[in-house]
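Q: fold the following.
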Amino acid sequence: MTKSIVHIALVMIVAAIISPASNAKDDDIRLVLQLTVDGLRTDLLARYADRFGDDGILFLKQNGTVFANAHYQHANTETIVGHATLATGAQPSVHGMTGNVWFDAEDGELSYNIEDPDYPLIPTRDIEIKGNQVDPAQQLARTKGRSPTALLAETIADKLKAHSGGRAKVFAVSGKDRSAVAMGGRAGKAFWMSTDSGDFISSTYYYETYPEWVVDWNNTRKADEYAETEWRLMNDDGTYLLAHQDDRAYETDLRGYGRTFPHRFGALGNKLLYTQLVASPRGDQLLSDFAKTLIGSEGLGEDSVPDYLSVSFSGVDAVNHFFGPSSLENEDMMLQLDRTLADLLAFVEKKVGLRHTLIVLSADHGFAELPEYKSELGFDAGRLTTDVVFAAAERIAEQQYGVDGLVKFYYRPFVYLNDEVLAAVELERETVSEVLAEALTREPGIYLAISTDGIEKAPDSKLLAQIRNNIHPVRSGDIYVVQDPYWFNFNKGPVAGMHGSPWSYDTHVPMIFVSSQITSQIVYRPVQPADLAPTLAALLGMSPPASAQGTVLPEVFE
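A: Below is the predicted model of the structure:
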């Protein structure tokens, strides 16, 4: 027999041994399980590999095709941008999710990416819905409604629903609303954890009333059980690589949560209790429990039609924002996430069978080190806050043109000019944006500022290609601002660290495909997360999502 025939035979034999008995074919896919870890920079998997168990992250790495050199090709590496790219296979210039927040040209205000007043949230209990108290993007939302209508491209979930004639069950769950909504697309159902109640909620876009199993799960009030308990280290202090980095002055104390272990969760009624849970292993554990309940209650993977479940874990990102990716909190978070993934995979093995499950693991973006930490290591790093960039743009505009109010506002990564002032003083938008961009580039902490109108005339480069991929003709501003490497670019608030740059620490994410028919191997050639959706589609025998720009990864089929 040839080598390929021998390999296929061995895979079939191993699958038959390790999987539960079934009358179905050994190789049929009944469930697509898309796992996304928000803020998971690729090197974190290697940093802690010696302490992962055998049944979680290492199981995926050792039993699938690992793409070790996957980088996003857009510049604004934020949550909604990465999730939408994973879901659609398209760049943000096409799928339209250019940032967590963008300027709404119709009403002249900033808009949260998935807000939609036509589809209000479905209440689960009689409480005031305030939204996430520490998420700046959600704080800018003007309405409590949520839907995927602003997503301009078809997702892999949408494609599967259509391909199956509507028979595939399609769900997406997450600790964040924008993560679940993006992955569920227009045809799926989405649930996310409310930081007001600890419940998993949805909107009227998806349901008129909650399914009974959701009501039952929320009525258990599992999140409340953690009130006034503590997040303690999973292992002995001495076993941690970063034990010496438990108390750093530049980390964030989330109003009593503390900078050091143990971190104490607030009491019932504390408005930050559920946010604190998300910024700990408990949030991911609650999400996994909800996902397992969903699989059993909705009967995912029970017939020959492949179903789809996206599970987007938010804990690593939240911990990184408050403590940084080189903190003791991140290390324990990763070790506990590994156990959570192992538990979820064990449940899927029992209910569906891993031989009938196609698993893909990736992330929506990486994460920068805290600037103070990089400064300690000898790098030029600092904090470039929103008000500083806005003030610089205003100052330059007044110096250049003697006009007040020419700059409307700045919300990273875009500077927006004031249309009314431009018209009143008869200035050309492109000329003004190019002049301001050139001057902004010389400001401290700014690597490059470039006019979005004039970018097509600029010479080709990797960085400019990333920026072009992030520009949408309606949703983008007039000047794109790129911070220097390791410079924090964000608005002031209780956030210690940030992502969102085009630099490799923010673009480099894991990408792993696992099924009984996929070879265990590591691939080092350059690929991109936009390749994920077309590859999933090919594995399921479908054409790719309509707007997909990524390509099928041939190694998955070897």
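Q: touching, Glu109 and Arg142? I think so.
A: Yes: Glu109 lies in contact with Arg142 (Cβ atoms under 8 Å); the separation is 7.0 Å. (C-beta placed from N, C-alpha, C; glycine too.)
Q: quick one: which helix or strand includes Ser310?
A: For Ser310, the host element (DSSP states H and E) is strand 307-313.
Q: that strand: how far from the chain's middle?
A: Computed by Cα atoms, centre = their mean, to the nearest Å, the chain-centroid distance of strand 307-313 equals 13 Å.
Q: now for that strand, which elements pack on it?
A: strand 31-37, helix 156-163, strand 170-174, helix 177-184, helix 281-298, helix 328-351 (3 or more Cβ pairs under 8 Å, 6 or more residues apart in numbering; DSSP states H and E).
Q: repeat that for 7 Å
A: Contact partners of strand 307-313 among helices and strands, from 3 or more Cβ pairs under 7 Å, 6 or more residues apart in numbering; DSSP states H and E: strand 31-37, strand 170-174, helix 177-184, helix 281-298.
Q: how about the ones you listed in JSON lines, adding distance to Val94?
A: JSON lines is the format used below for the helices and strands packed on strand 307-313 (distance: least, Cβ to Cβ, whole Å):
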{"stretch": "strand 31-37", "distance to Val94": "20"}
{"stretch": "strand 170-174", "distance to Val94": "20"}
{"stretch": "helix 177-184", "distance to Val94": "14"}
{"stretch": "helix 281-298", "distance to Val94": "29"}
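Q: if we can go back for a sec, CA atoms only: put the helix or strand following the strand holding Ser310 into PDB for me.
A: Counting by DSSP H and E, the element after strand 307-313 in chain order, helix or strand, is helix 315-323. Backbone C-alpha positions of helix 315-323 (Å, rounded to 0.1, in the frame of the first residue of the first chain) are rendered in PDB as follows:
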ATOM      1  CA  GLY A 315     -11.600  35.100  29.900                       C
ATOM      2  CA  VAL A 316      -8.100  35.300  28.600                       C
ATOM      3  CA  ASP A 317      -8.800  38.600  26.900                       C
ATOM      4  CA  ALA A 318     -10.400  40.100  30.000                       C
ATOM      5  CA  VAL A 319      -7.500  39.000  32.200                       C
ATOM      6  CA  ASN A 320      -5.000  40.400  29.700                       C
ATOM      7  CA  HIS A 321      -6.800  43.800  29.800                       C
ATOM      8  CA  PHE A 322      -6.500  44.100  33.500                       C
ATOM      9  CA  PHE A 323      -3.200  42.200  34.300                       C
END
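Q: now for helix 315-323, which elements pack on it?
A: Applying 3+ Cβ pairs under 7 Å, 6+ apart, we find helix 315-323 packed against helix 281-298, helix 328-351.
Q: distance from the chain centre to whatever helix or strand comes next after the longest one, please.
A: Counting by DSSP H and E, the next helix or strand C-terminal to helix 328-351 is strand 357-362. Chain-centre distance of strand 357-362: 16 Å, with Cα atoms, centre = their mean.
Q: and the angle for strand 357-362 with strand 307-313?
A: On the basis of axes from the mean of the first three to the mean of the last three Cα atoms, to 10 degrees, strand 357-362 is oriented at 30 degrees to strand 307-313.
Q: what's the angle between strand 357-362 and strand 31-37?
A: 20 degrees.
Q: tabulate the CA atom coordinates of strand 357-362 in CSV.
A: The C-alpha trace of strand 357-362 is given here as CSV (Å, rounded to 0.1, in the frame of the first residue of the first chain):
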residue,chain,number,x,y,z
THR,A,357,-16.8,16.1,15.5
LEU,A,358,-14.8,18.6,13.4
ILE,A,359,-13.0,21.0,15.8
VAL,A,360,-11.2,24.2,15.0
LEU,A,361,-9.4,26.4,17.5
SER,A,362,-8.3,29.9,16.9
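Q: what comes up buried for the following helix or strand past that strand?
A: Next helix or strand after strand 357-362 toward the C-terminus (DSSP H and E): helix 371-376. For helix 371-376, burial by neighbour count (16 or more other Cβ atoms under 10 Å) applies to Pro371, Glu372, Tyr373, Lys374.
Q: that older thread, direction included, what does the strand holding Ser310 pair up with?
A: Using DSSP bridges, the strands paired with strand 307-313 in its sheet are strand 31-37 (parallel), strand 170-174 (parallel).
Q: where are the low-confidence patches of the stretch 101-250 of the chain?
A: 127-134, 136, 139-140 (pLDDT under 70).
Q: what does the strand holding Ser310 contact?
A: 30-38, 83, 157, 160, 168-175, 179-180, 183-184, 284, 287, 291, 295, 300-301, 337 (Cβ atoms under 7 Å, 6 or more residues apart in numbering).
Q: now the helices and strands packed on strand 307-313 in TSV, with mean neighbour count?
A: Shown next, in TSV, are the helices and strands packed on strand 307-313 (neighbours: other Cβ atoms under 10 Å):
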stretch	mean neighbour count
strand 31-37	24
strand 170-174	27
helix 177-184	31
helix 281-298	21
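Q: can you check which of those gets nearest to Ala267?
A: Relative to Ala267, the nearest member of those by Cβ to Cβ is helix 281-298, separated by 15.2 Å.
Q: and the gap between Ile479 and Tyr410?
A: 9 Å (Cβ to Cβ, to the nearest Å).
Q: list the contacts of Thr293.
A: Thr293 touches Trp213, Trp217, counting by Cβ under 7 Å, 6+ apart.
Q: how far away is it from Asp55?
A: Thr293 is 21 Å from Asp55, by Cβ to Cβ.
Q: want to throw the helices and strands packed on helix 315-323 into a markdown table with distance to Thr209 and mean pLDDT?
A: Shown next, in a markdown table, are those (distance: least, Cβ to Cβ, whole Å; pLDDT from 0 to 100):
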| stretch | distance to Thr209 | mean pLDDT |
| --- | --- | --- |
| helix 281-298 | 15 | 98 |
| helix 328-351 | 26 | 98 |
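Q: ok, back up a step: joint contacts of Ile479 and Tyr410?
A: Common neighbours of Ile479 and Tyr410 are not found (criterion: Cβ under 7 Å, 6+ apart).
Q: tabulate the strands paired with strand 307-313 (JSON lines), appending distance to Leu268.
A: Output for the strands paired with strand 307-313, formatted as JSON lines (distance: least, Cβ to Cβ, whole Å):
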{"stretch": "strand 31-37", "distance to Leu268": "29"}
{"stretch": "strand 170-174", "distance to Leu268": "24"}
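Q: and Ala346, which of the ones you listed is closest to it?
A: strand 31-37 (12.7 Å).
Q: tell me the helix or strand right after that closest one.
A: Counting by DSSP H and E, the next helix or strand C-terminal to strand 31-37 is helix 43-47.
Q: okay, buried residues for the very next helix or strand once past that following helix please.
A: Sequence order places helix 57-62 as the next helix or strand after helix 43-47, per DSSP H and E. Residues of helix 57-62 classed as buried by neighbour count (16+ other Cβ under 10 Å): Ile57, Leu58, Phe59, Leu60, Lys61.
Q: does the closest residue to the last one other than its chain neighbours belong to a helix, a strand or coil?
A: The spatially closest residue to Lys61, leaving aside those adjacent along the chain, is Ile512, at 6.5 Å (Cβ to Cβ, 6 or more residues apart in numbering). Following DSSP: H, G, I helix; E, B strand; the rest coil, the label given to Ile512 is strand.
Q: so how far is Gly238 from Ile512?
A: For Ile512 relative to Gly238 (Cβ to Cβ), the value is 31 Å.
Q: out of the two, which sits in the more crowded spot?
A: The neighbour comparison of Ile512 against Gly238 (other Cβ atoms under 10 Å) goes to Ile512, with 22 against 6.
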